[in-house]
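1. The following comprises the amino acid sequence and a computationally predicted model.
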Amino acid sequence: MPISDWFRAREQRRYTAPSEPPRGSESLADGVWVRCEGCKRTLYAGDLERGLGVCPSCGRHHQLTADQRIDMLCDPGSFDEIDGDLRSGDPLEFRSGKPYAEAIEAAQDNTGLPEAVLTGRALMGGLPVVVGVMDFRFIGASMGSVVGERIARAFESACDRRVPLVLAIASGGARMQEGMLSLMQMAKTAAAAARLADAGVPYVAILTDPTMGGVTASFATLADVIVAEPGARIGFAGPRLVERTIRRALPKGFQTAESLLGHGMIDLVVERGSLRETVIGLLVCLAAGGE
């Protein structure tokens, strides 16, 4: 699939009306019903939101927005955004279906975010941290120059303040509308992660569905502890590309969090309802180990 078609598909609406709406639901606003891609059931959006985006039927972990992720992880009212003034440009004047500049503007309008990642200072269980959260709705949370710069600055902020870094990651990979500039972010963020490690400051990565491409190949897998949500797809190339390359079928569950846990690539698979307390516990242990 051409990358332009992939981005266009991600921009399409993800809400669907039920084939047979519940009695009395005719007056409900569009977007109230959400189709679970796991069990194919139609769910009430309010119930899904109250369950932290986890399907009550099959347990599928649906994507969260950046704001929802911050609310879930951070102490109430403690998040203070940093580097919020950074905005993407269009250095290549890239066009695919529609100009890249228009795609950025549409993503900003649809998400209310300036870019695909929010970074800031916060508290988790009373512990000061630097937090970054990626939002897949924004051009597949792909890593362009601004996303890479914000992530690198988050590492630098954690290093300067000597407080742990927690990143909640979801991405389709490098933002190819920026060409080589997007690929350079892999080296920049990996170098920033190395400096944080050399300083002995803890870094915890939370991999969510999906975490792919150049993001997986750089800062996402350089954490002291790598935690993943159940069923998250994690890898570099997609399974169809891998199958075409090696010319053989892949095993069932290839690139899922559970498979990668069994092969030692990640450290923990944690249900979303337990994620905050698990990360806080990890931060306490890592901080104690560094004393």
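-> Done, it's in.
2. where exactly do the helices run in the stretch 101-250 of the chain?
-> Taking DSSP state H, counting those that start in this stretch as the test, the helices found in the stretch 101-250 of the chain are 145-161, 180-198, 213-216, 239-246.
3. Of these, which is nearest residue 40?
-> helix 239-246 (20.5 Å; CB to CB). Backbone N, C-alpha and C define where each C-beta goes, glycine included.
4. Going toward the C-terminus from the closest one, what's the next helix or strand?
-> helix 257-262 (DSSP states H and E).
5. which strands and helices sit next to that next one?
-> strand 225-228, strand 268-269 (3 or more CB pairs under 8 Å, 6 or more residues apart in numbering; DSSP states H and E).
6. quick one: strands adjacent to the shortest one?
-> Looking at strand 268-269 with DSSP bridges, its paired strands and their directions are strand 225-228 (parallel).
7. Mean confidence (pLDDT) on the partner strand, please.
-> The average pLDDT for strand 225-228 rounds to 98.
8. likewise stretch 159-166?
-> The model assigns stretch 159-166 a mean pLDDT of 98.
9. what does stretch 252-260 give?
-> Across stretch 252-260, pLDDT averages out at 92.
10. Endpoint to endpoint, it covers what distance?
-> Taking CA to CA, to the nearest Å, stretch 252-260 runs 12 Å from one end to the other.
11. What does the residue nearest to residue 49 when sequence neighbours are not counted show for phi and psi?
-> Once flanking residues are discounted, residue 49 sits nearest to residue 68: 7.9 Å by CB to CB, 6 or more residues apart in numbering. Backbone geometry at residue 68, expressed as degrees, to the nearest 10, gives phi -60, psi -40.
12. Next, count neighbours for residue 68.
-> Close neighbours of residue 68, defined as other CB atoms under 10 Å, add up to 15.
13. Give me the pLDDT for it.
-> 96.
14. that's a strand at residue 276, yeah?
-> No. Assignment of residue 276 by DSSP: H, G, I helix; E, B strand; the rest coil gives helix, placing it outside any strand.
15. my guess is residue 32 meets residue 45, correct?
-> Yes. If you go by CB atoms under 8 Å, residue 32 and residue 45 touch, sitting 5.4 Å apart.
16. and the residue nearest the centre of the chain, what is it in contact with?
-> Geometric centre of the chain, nearest residue: residue 170, 2.0 Å, by CA atoms, centre = their mean. The contact partners of residue 170, by CB atoms under 8 Å, 6 or more residues apart in numbering, come to 63, 134, 135, 136, 141, 208, 209, 210, 211.
17. how much space between it and residue 156?
-> Look at residue 170 and residue 156: by CB to CB, to the nearest Å, they are 22 Å apart.
18. burial count for residue 138?
-> 26.
19. which secondary structure elements does the helix or strand containing residue 34 contact?
-> Here residue 34, judged by DSSP H and E, is contained in strand 33-35. For strand 33-35, the packing partners by 3+ CB pairs under 8 Å, 6+ apart come out as strand 42-44, helix 45-50.
20. Listing partners with orientation, what would you give for that strand?
-> Counting by DSSP bridges, the strands paired with strand 33-35 are strand 42-44 (antiparallel).
21. ok, residue 258 touching residue 266?
-> No. Applying CB under 8 Å as the test, residue 258 and residue 266 come out as separate, 9.5 Å apart.
22. So if I had to pick from those two, which one is more boxed in?
-> Shown here are residue 258 and residue 266; by other CB under 10 Å, residue 266 has more neighbours (22 against 14).
23. Quick check: closest non-adjacent residue to the more buried one.
-> residue 226 (4.4 Å).
24. low-scoring pLDDT stretches of the stretch 101-250 of the chain, where are they?
-> Within the stretch 101-250 of the chain, no range satisfies pLDDT under 70.
25. quick one: residue 196 from residue 263, how far?
-> From residue 196 across to residue 263, the span is 26 Å (CB to CB).
26. Ok, residue 86 next?
-> From residue 86 over to residue 263 the distance is 36 Å, taken as CB to CB.
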